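Colleague: Quick one: sequence and predicted model below, then my questions.
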Amino acid sequence: MTVPKNITFFIVDDMSFYRDLMVQSLGNLGFNGRCILSKNYTESINKLKEIIKKGEKIDFIISDIQLPDGTGIELLKKVRSSKTLKNVPFLLITTSDDPQTIVEAFEVGADNYIFKPIEEAALLEKIEFCYTKRRK
């Protein structure tokens with residue numbers, strides 16, 4: 001299954017450099033939809049609530065695991081408990097290869113994960129995998 005190029009990404013990372021790099025990488029990969037950016041857990045929850053309230057759609061979430069006021073796994077739990085967002089593909093970004101963290105991520109509904117620094121070819125592969133998994 002091919003991922004549509006005009007989907008809306010919700011990107012969460014506390015470092016603006018990585019948020020900007022993700023947007024650039026998605027553009028380089030041919031994605032031309034909207035990118036909504038968030039810098040932490042609290043802002044993400046508030047933005048997602050506002051998006052739902054407006055009736056707008058998120059097609060894909062990419063979140064760093066380590067956030068200053070929570071974790072990407074906590075955000076994932078909230079997303080999976082949301083009637084509106086529960087089936088949105090969710091890709092976690094990490095710098096840690098701690099197996100317990102990875103296991104926990106999958107147990108609460110992560111579709112996949114990717115390590116920083118992110119290579120564009122690997123990013124595209126992970127996006128395609130996650131999108132296909134949620135569309136079956």
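Modeller: Yep, that arrived.
Colleague: which helices and strands sit right next to the helix or strand of the chain with the lowest mean pLDDT?
Modeller: Least confident helix or strand, the chain: helix 99-107 with a mean of 93, by mean pLDDT, DSSP states H and E. Using 3 or more Cβ pairs under 8 Å, 6 or more residues apart in numbering; DSSP states H and E, the elements in contact with helix 99-107 are helix 72-80, strand 90-94. In this view, the C-beta of every residue, glycine as well, is placed from N, C-alpha and C.
Colleague: quick one, which of these is packed in tightest?
Modeller: Highest mean neighbour count among the helices and strands packed on helix 99-107 (mean count of other Cβ atoms under 10 Å): strand 90-94, with a mean of 23.
Colleague: which residues touch the top helix by length along the chain?
Modeller: In the chain, with assignment by DSSP state H, the single longest helix is helix 120-135. By Cβ atoms under 8 Å, 6 or more residues apart in numbering, the surrounding residues in contact with helix 120-135 are 1-3, 25-26, 28-29, 60, 87-91, 111-114.
Colleague: Give me the buried entries from those.
Modeller: Buried members of those, counted by 16 or more other Cβ atoms under 10 Å: 3, 26, 60, 88-91, 111-114.
Colleague: if we can go back for a sec, CA atoms only: put the helix or strand that comes right after the least confident helix or strand of the chain into CSV for me.
Modeller: Per DSSP states H and E, the first helix or strand lying C-terminal to helix 99-107 is strand 112-115. Backbone C-alpha positions of strand 112-115 (Å, rounded to 0.1, in the frame of the first residue of the first chain) are rendered in CSV as follows:
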residue,chain,number,x,y,z
ASN,A,112,7.0,1.0,15.1
TYR,A,113,10.0,3.0,16.2
ILE,A,114,13.1,4.6,14.7
PHE,A,115,16.5,5.7,16.1
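Colleague: what's in contact with strand 112-115?
Modeller: Against strand 112-115 from outside (Cβ under 8 Å, 6+ apart): 65, 91-95, 97, 102, 105, 122-123, 126, 129-130, 133.
Colleague: Fine by me, thanks again.
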